[in-house]
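A.B. asks: Predicted model and sequence below, questions to follow.
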Amino acid sequence: MNLQEALQSATEGNFVSHKCFDSNQSMHKFNNSFYYEDGVNLNTNNFLNILGEEEWTKDGWYVKYGKESINKEKLKEMHNKNKNYLFLRDASYEDCIIKNTIE
């Protein structure tokens, strides 16, 4: 999957990752912005356009967690709690994954 397909998948509610990411890294979309699992908003500072220019991001994307594996209430709560911070404090948005839905 390429970056545009990954962004579309994230728009559909999935957490996506890239083959070059560490095993604990992912990207998702919440309220019209894309975020890394550590809280970085990828819509700031034109970062998505810069990411799209990187050769390593042209392909290699995949769905890490399907939307059915995400506790949407917990995700919303975490976003609301951390909206004024650049990074999450001692947490990851992957903490919203419902563990018993992972194969």
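C.D. replies: Right, received. Where do you want to start?
A.B. asks: Tell me the buried residues in the lowest-mean-pLDDT helix or strand in the chain?
C.D. replies: One helix or strand of the chain scores below all others by mean pLDDT, DSSP states H and E: helix 47-53, with a mean of 79. By 16 or more other C-beta atoms under 10 Å, the buried positions in helix 47-53 come out as Leu51. In this view, the C-beta of every residue, glycine as well, is placed from N, C-alpha and C.
A.B. asks: From the contact counts, what lies against that helix?
C.D. replies: If you count contacts as 3 or more C-beta pairs under 8 Å, 6 or more residues apart in numbering; DSSP states H and E, helix 47-53 packs onto helix 3-11.
A.B. asks: could you point out which element follows the helix it packs on?
C.D. replies: Note on helix 3-11: by DSSP states H and E, the next helix or strand toward the C-terminus is strand 15-18.
A.B. asks: What residues sit buried inside that next one?
C.D. replies: In strand 15-18, counting by 16+ other C-beta under 10 Å, buried: Phe15, Val16, Ser17, His18.
A.B. asks: which residues sit against the least confident helix or strand of the chain?
C.D. replies: Leu3, Gln4, Leu7, Phe34, Val40, Leu42, Thr57 (C-beta atoms under 8 Å, 6 or more residues apart in numbering).
A.B. asks: so the fourth one sits in a strand?
C.D. replies: Read that as Phe34. Yes - counting by DSSP: H, G, I helix; E, B strand; the rest coil, Phe34 is located in a strand.
A.B. asks: tell me the contacts of it?
C.D. replies: Phe34 touches Leu7, Ala10, Met27, His28, Asn41, Leu42, Asn43, Leu48, counting by C-beta under 8 Å, 6+ apart.
A.B. asks: Now tabulate the buried residues of strand 15-18 in JSON lines and tack on pLDDT and distance to Tyr85.
C.D. replies: Converted to JSON lines, these look like this (pLDDT from 0 to 100; distance: C-beta to C-beta, whole Å):
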{"residue": "Phe15", "pLDDT": "98", "distance to Tyr85": "20"}
{"residue": "Val16", "pLDDT": "97", "distance to Tyr85": "23"}
{"residue": "Ser17", "pLDDT": "96", "distance to Tyr85": "22"}
{"residue": "His18", "pLDDT": "95", "distance to Tyr85": "24"}
